[in-house]
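>>> Sequence and predicted model, in that order:
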Amino acid sequence: MIITIICITILAYFIGGKDTEKQLDKLKDVDWKAKANDVFGKIGNYAKKAGRVSTKPLLQLYYVLTMGETTTLEKALIVGAILYTIMPFSLISFKAHKILGMLDEGLAVVYVVKKVQKKITPEIDAKVEETLNQWFGAEEATQTAESAE
């Protein structure tokens with residue numbers, strides 16, 4: 001849980017333009033492979049509620065997280081964005097701020113996706129589609145594509 005809090009703090013600091021070095025130092029001994037496995041399970045649970053379209057960017061981030069050349073800062077941002085999105089709490093309450101309460105999680109994911117965009121390769125997109133097809137079926141992928149047209 002402490003790693004989650006540190007990663008979300010790093011995400012907030014980074015977005016706010018604050019120095020993240022002290023928080024990053026706390027992550028030097030993290031077992032990122034174990035953390036990635038934990039995150040993957042949480043994405044799977046979230047996917048059932050959120051659907052294919054909302055799950056896709058989280059899976060893209062997950063697969064970037066598992067790459068060997070991803071930096072500690074990128075890993076912290078990815079874990080922070082994914083867990084902030086799927087956790088039951090939010091910094092901006094939906095009840096108090098309707099629109100902002102819905103957007104903050106999505107904006108966090110979009111922000112981090114933009115930061116690691118160059119690492120989202122065709123191979124990662126293929127893994128994402130394969131995982132989405134396992135979870136939702138290939139028919140839903142076709143229906144989603146047709147409705148987007």
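Noted; the coordinates are in hand. Numbers count the residues shown, from 1 in each chain.

>>> State the separation between stretch 53-65 and the centre of the chain it belongs to.
Stretch 53-65 sits 6 Å away from the centroid of its parent chain (CA atoms, centre = their mean, to the nearest Å).

>>> which of the residues in that stretch are buried?
55, 56, 57, 58, 59, 60, 61, 62, 63, 64, 65 (16 or more other CB atoms under 10 Å). (C-beta placed from N, C-alpha, C; glycine too.)

>>> same check, this time on stretch 18-37
Within stretch 18-37, the residues scored as buried using 16+ other CB under 10 Å are 20, 23, 24, 26, 27, 30, 32, 35, 36.

>>> And it, end to end?
29 Å (CA to CA, to the nearest Å).

>>> can you list contacts of it?
With CB atoms under 8 Å, 6 or more residues apart in numbering as the contact definition, stretch 18-37 has outside contacts at 3, 6-7, 9-10, 13-14, 62, 65-66, 72-73, 75-76, 79.

>>> Inside helices: which ones of these?
Using DSSP state H, the subset of the contacts of stretch 18-37 located in helices is 3, 6-7, 9-10, 13-14, 62, 65, 72-73, 75-76, 79.

>>> Between which two of those is the distance greatest?
Within these, 13 and 62 form the most distant pair, 22.1 Å apart (CB to CB).

>>> can I get the buried residues of stretch 18-37 in TSV with secondary structure and distance to residue 119?
Formatted as TSV, the buried residues of stretch 18-37 follow (DSSP: H, G, I helix; E, B strand; the rest coil; distance: CB to CB, whole Å):
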residue	secondary structure	distance to residue 119
20	coil	19
23	helix	22
24	helix	19
26	coil	24
27	coil	19
30	coil	19
32	helix	15
35	helix	18
36	helix	14
